[in-house]
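Visitor: Quick one, fold the following:
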Amino acid sequence: MEKPAQRLRILLPAAVCTFLWGSAFPFIKLGYAAFAVEGPFSQILFAGLRFALAGLLLLAVLTVRGRRVPVPPKGSRLSVLRLGLVLTAGQYFFFYLGLANTTGVRGSIIQGMGTFLTVVLAHFWFHGKDGDRMTGRKALGCIVGLLGVVLANFEGTQGGFSFSGEGLMLLATVLFAVGSLFSKDVTKTVDPFCATGWQLLLGGLVLTLIGLLGGGRLCAPASFSGWGIFLYLAALSSVAFAIWTRLLQKFAAGRVAVYNFLTPLFGVLLSACLLGESLSGVQIVLALLLVCLGIVLVNLPARRALSAP
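Guide: Residues are numbered from 1 along each chain as shown. Here you go, the predicted structure:
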């Protein structure tokens with residue numbers, strides 16, 4: 001049976017990752033105001049620049065520590081490039097285009113589906129090995145966690161489905177799930193921090209080029225706080241993606257992915273604290289309980305589940 005200390009090896013770093021990603025929601029809004037970002041291609045340009053900087057920061061740290069620039073092995077370089085195109089460039093390209101044509105509430109709910117999709121795809125991707133076998137308990141945990149995300153963002157989700165909005169958001173969610181599993185494969189032959197640095201840098205450069213070709217424009221902020229926000233967004237991407245990739249390398253993809261249900265909850269909480277957005281205390285507590293229950297169900301050891309009366 002797995003010891004509590006072993007579970008903390010997933011819980012603590014995963015919580016740090018999701019907290020950092022959740023904090024990106026309000027800080028991106030502050031960044032948009034500081035850089036006068038308007039329109040989806042300006043958002044893509046903004047994202048591309050911060051991801052490219054995130055990759056450079058991580059590679060710079062690795063270079064200082066190892067006294068040479070980290071480079072993936074020759075046989076793995078194409079895989080790292082594909083990872084950057086899928087998990088960074090592709091995902092966020094469709095995410096920002098879709099978000100421009102749907103509500104933030106519906107976008108958050110569709111994003112939450114990515115966690116469920118990762119757990120399901122992991123069963124087939126890894127042939128049910130390494131703890132990624134799909135079970136009824138895992139499916140129930142994902143559904144309960146998704147209900148928590150829906151409850152946290154529930155303000156009314158009326159309206160029809162459109163490919164230019166919800167469809168592109170769903171495509172971004174699929175790329176996130178596939179990219180997460182692909183990342184686990186890549187790190188079998190590449191150091192996870194090296195892979196993350198190049199993934200962010202290459203994907204960020206592609207997004208920057210797309211943003212510029214699409215007519216995206218940014219205005220330099222008038223204060224140092226604007227640059228501080230941009231640097232924080234780059235740093236959090238660097239740290240969070242590096243830790244997440246390391247977790248995917250060491251543990252079953254489904255066990256790690258389910259913690260991503262916490263990201264929109266942290267986003268809602270931090271948006272309320274930093275931006276003064278409305279928040280129902282009872283609603284967010286119930287949502288957090290559902291998400292935590294979902295995480296427990298997915299990570300509950302099989303023997304404990306079978307020994308229940």
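
Visitor: what about the strands in the stretch 201-309 of the chain?
Guide: Along the stretch 201-309 of the chain, no stretch is classed among the strands by DSSP state E, counting those that start in this stretch.

Visitor: Residue ranges in it under the pLDDT threshold?
Guide: Residue ranges of the stretch 201-309 of the chain with pLDDT under 70: 277-281, 283-284, 299-309.

Visitor: Pull the distance from the biggest helix by length in the chain to the chain's centre.
Guide: Ranked by residue count and defined by DSSP state H, the top helix of the chain is helix 4-34. The chain centroid and the centroid of helix 4-34 are separated by 9 Å under C-alpha atoms, centre = their mean, to the nearest Å.

Visitor: Can you name every helix or strand that that helix contacts?
Guide: helix 40-66, helix 224-250, helix 253-257, helix 262-275 (3 or more C-beta pairs under 8 Å, 6 or more residues apart in numbering; DSSP states H and E). The C-beta positions use only the backbone N, C-alpha and C, and glycine is treated the same way.

Visitor: How far does the third one sit from its chain's centre?
Guide: I take that to be helix 253-257. On C-alpha atoms, centre = their mean, the centre of helix 253-257 falls 12 Å from that of its chain.

Visitor: okay, it in PDB with CA atoms only?
Guide: These are the backbone C-alpha positions of helix 253-257, laid out as PDB (Å, rounded to 0.1, in the frame of the first residue of the first chain):
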ATOM      1  CA  ALA A 253      -0.400  10.300 -16.300                       C
ATOM      2  CA  GLY A 254      -4.000   9.900 -14.900                       C
ATOM      3  CA  ARG A 255      -2.900  10.300 -11.300                       C
ATOM      4  CA  VAL A 256      -1.100  13.600 -12.200                       C
ATOM      5  CA  ALA A 257      -3.700  15.000 -14.600                       C
END
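
Visitor: Just the residues contacting it, thanks.
Guide: Contact with helix 253-257 is made by 10, 14, 115, 118-119, 122-123, 125-126, 131-132, 134, 138, 177, 180-181, 184, 244, 247-248, 298-299, as judged by C-beta atoms under 8 Å, 6 or more residues apart in numbering.

Visitor: Going through those residues, which ones are buried?
Guide: 10, 14, 115, 118-119, 122-123, 125-126, 132, 134, 138, 177, 180-181, 184, 244, 247-248, 298-299 (16 or more other C-beta atoms under 10 Å).

Visitor: Just the buried residues of the longest helix of the chain, please?
Guide: 10, 13-14, 17-32, 34.

Visitor: Check stretch 242-251 too.
Guide: Buried residues in stretch 242-251, counted by 16+ other C-beta under 10 Å: 242, 243, 244, 245, 246, 247, 248, 249, 251.

Visitor: Likewise for stretch 183-200?
Guide: Residues of stretch 183-200 classed as buried under the neighbour-count rule (16+ other C-beta under 10 Å) are 183-187, 190-200.

Visitor: mind showing which ranges of the stretch 51-200 of the chain have poor pLDDT?
Guide: For the stretch 51-200 of the chain, the stretches flagged by pLDDT under 70 are 103-109, 127-132, 134, 149, 152-161.

Visitor: burial of residue 36, as a residue count?
Guide: The number of residues packed near residue 36 is 14, by other C-beta atoms under 10 Å.

Visitor: try residue 220
Guide: The burial count for residue 220: 9, using other C-beta under 10 Å.

Visitor: now do residue 285
Guide: By other C-beta under 10 Å, the residues close to residue 285 number 11.

Visitor: How about residue 273?
Guide: Neighbour count of residue 273, defined by other C-beta under 10 Å: 12.

Visitor: Quick check: it vs residue 236, distance?
Guide: To residue 236, residue 273 is 16 Å away according to C-beta to C-beta, to the nearest Å.

Visitor: Then residue 15?
Guide: 14 Å.

Visitor: Next: residue 147.
Guide: From residue 147 over to residue 236 the distance is 27 Å, taken as C-beta to C-beta.

Visitor: Let's have the helices and strands packed on helix 4-34 in CSV, adding distance to residue 290.
Guide: Output for these, formatted as CSV (distance: least, C-beta to C-beta, whole Å):
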stretch, distance to residue 290
helix 40-66, 30
helix 224-250, 22
helix 253-257, 17
helix 262-275, 10
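
Visitor: Of those, flag the one that's most buried.
Guide: helix 253-257 (a mean of 27; mean count of other C-beta atoms under 10 Å).

Visitor: where does the nearest residue to residue 274 once chain neighbours are set aside land on pLDDT?
Guide: Nearest non-adjacent residue to residue 274, counting by C-beta to C-beta, 6 or more residues apart in numbering: residue 26, 4.3 Å away. Residue 26 carries a pLDDT value of 86.

Visitor: Isn't residue 26 up against residue 266?
Guide: No: here residue 26 does not reach residue 266: they are 10.0 Å apart, not a contact under C-beta atoms under 8 Å.
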